[in-house]
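sequence and predicted structure are below.
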Amino acid sequence: MKSITVLGSTGSIGQQTLEVADHLGMAVMALTAYKNNELLQEQAREFNPDTTILGSDPGGMDAIIDVAENSGADIIVTAIAGEAGLAPTLAALKTGKRVALANKEPLVCAGDLVMQTAREYNTEIIPVDSEHSAIFQCILGDKHKNIKKLILTASGGPFRNKTQAELRDITPEQALKHPNWTMGKKVTIDSATMMNKGLEIIEAMHLFSVTPDQIEVIIHPQSIIHSMVEFTDGSIVAQLSNPDMRMPIQYALTYPDRLPGLTRPLDLTALKGLTFEKPNPDTFPCLALAYKAANAGTEACATLNRVNENAVELFLNNEIPFTDIPVMIEKALSEF
Ligand code: MG
């Protein structure tokens, strides 16, 4: 069985990765966290890694970059949240070992550099993001030129039927309640604004070498189809499962094999139905902003990402209303 290193082991994806590693009986070489030392030490007692690093310690971020490149693991799982994950991700890519990529921001803010580094070191990137894992699976064995478009599905989050006026008074507590998925705070707010899907458009553009106009976003509130690919002949291939991040995490660790996992099997006959709708641009202005940035290039995408990270933090601290998140981003993009 292969060994793993988990960068960002105390976050939601990191914790679920360790559940999967435990289930698969994988050895853990190194664990890193930013500031949750208590959980990191608990994980260290359970998984007995050679190295544990706390990023908030003096020199901690440099130590994380060093361990990303030198832990000796067969697979490096990059689950650090936000732009802080860029340097460790680039270091991981330089190992030439498989990178299970769960941190979308490096692709968003430096997609060309990330993909170029992977090519240079002949490193295999397996996406962990559920949509990109689905697309990865849907295109296996097919030629790139056969892809007509990628169809990213989105749950629409908790506010998909709300108007702009109703969104103004949303509190962080309301925005942190996602109907289908268990995720970290940042990505849960990004799901509520649909900026998460916006970042995923940019992520998909780089991972699968397609143009923004080859990516369509549709709302699928049940979160059973994790994304689809339409081919040139009009055939659409989809990947389905119960919504559970442990499924794409395990796939990124075992690919090209598939092993029994921790996700409850999908009972198709128990489903009440699968529905699809177009996202309302007035409810979700972040989506159009992401397309704008995707078309404008890497610098615009980096700006979009940085201002979004700031705005989400301000919102979580009750310093700006929910509806100011896209306003701040739009302002930064137009200045840019
Ligand atoms: Mg996703």
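Alright, I've got the coordinates.

use CA for all of it now, contacts and neighbours both
Fine.

what segments of the stretch 51-200 of the chain are helices?
60-70, 86-93, 105-120, 130-138, 164-167, 172-175, 185-193, 195-207 (DSSP state H, counting those that start in this stretch).

would you convert those into a markdown table that also reports mean pLDDT and mean neighbour count?
Shown next, in a markdown table, are the helices of the stretch 51-200 of the chain (pLDDT from 0 to 100; neighbours: other CA atoms under 10 Å):
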| stretch | mean pLDDT | mean neighbour count |
| --- | --- | --- |
| helix 60-70 | 97 | 20 |
| helix 86-93 | 98 | 24 |
| helix 105-120 | 97 | 21 |
| helix 130-138 | 98 | 22 |
| helix 164-167 | 87 | 14 |
| helix 172-175 | 91 | 15 |
| helix 185-193 | 90 | 22 |
| helix 195-207 | 97 | 24 |
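
can you redo the ones you listed as JSON lines with distance to Ser334?
Below are the helices of the stretch 51-200 of the chain laid out as JSON lines (distance: least, CA to CA, whole Å):
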{"stretch": "helix 60-70", "distance to Ser334": "33"}
{"stretch": "helix 86-93", "distance to Ser334": "25"}
{"stretch": "helix 105-120", "distance to Ser334": "17"}
{"stretch": "helix 130-138", "distance to Ser334": "29"}
{"stretch": "helix 164-167", "distance to Ser334": "21"}
{"stretch": "helix 172-175", "distance to Ser334": "27"}
{"stretch": "helix 185-193", "distance to Ser334": "19"}
{"stretch": "helix 195-207", "distance to Ser334": "17"}
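
OK, contacts around Ile13?
Ala79, Ala102, Met183, Gly184, Met245 (CA atoms under 8 Å, 6 or more residues apart in numbering).

if you set the cut-off to 7 Å instead, what comes out?
Ile13 makes contacts with Ala79, as judged by CA atoms under 7 Å, 6 or more residues apart in numbering.

next structured bit after the host helix or strand of Leu304?
If you go by DSSP states H and E, Leu304 is part of helix 298-316. Sequence-wise, the next helix or strand downstream of helix 298-316 (DSSP H and E) is helix 324-335.

ok, and for that next one, which residues are buried?
Across helix 324-335, burial judged by 16 or more other CA atoms under 10 Å covers Ile325, Pro326, Met328, Ile329, Glu330, Ala332, Leu333.

what's the spacing between it and its chain's center?
Centre-to-centre, helix 324-335 and its host chain are 22 Å apart (CA atoms, centre = their mean, to the nearest Å).

okay, angle between it and helix 298-316 too, please.
150 degrees (axes from the mean of the first three to the mean of the last three CA atoms, to 10 degrees).

only C-alpha atoms, please: export helix 324-335 in PDB.
What follows is helix 324-335, C-alpha atoms only, in PDB (Å, rounded to 0.1, in the frame of the first residue of the first chain):
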ATOM      1  CA  ASP A 324     -20.800  43.300  -0.600                       C
ATOM      2  CA  ILE A 325     -18.700  40.200  -1.400                       C
ATOM      3  CA  PRO A 326     -19.400  40.500  -5.200                       C
ATOM      4  CA  VAL A 327     -19.400  44.300  -5.100                       C
ATOM      5  CA  MET A 328     -15.800  44.300  -3.700                       C
ATOM      6  CA  ILE A 329     -14.700  41.800  -6.400                       C
ATOM      7  CA  GLU A 330     -16.300  43.700  -9.200                       C
ATOM      8  CA  LYS A 331     -14.700  46.900  -8.100                       C
ATOM      9  CA  ALA A 332     -11.200  45.300  -8.000                       C
ATOM     10  CA  LEU A 333     -11.700  43.700 -11.400                       C
ATOM     11  CA  SER A 334     -12.800  46.900 -13.000                       C
ATOM     12  CA  GLU A 335      -9.800  48.800 -11.500                       C
END
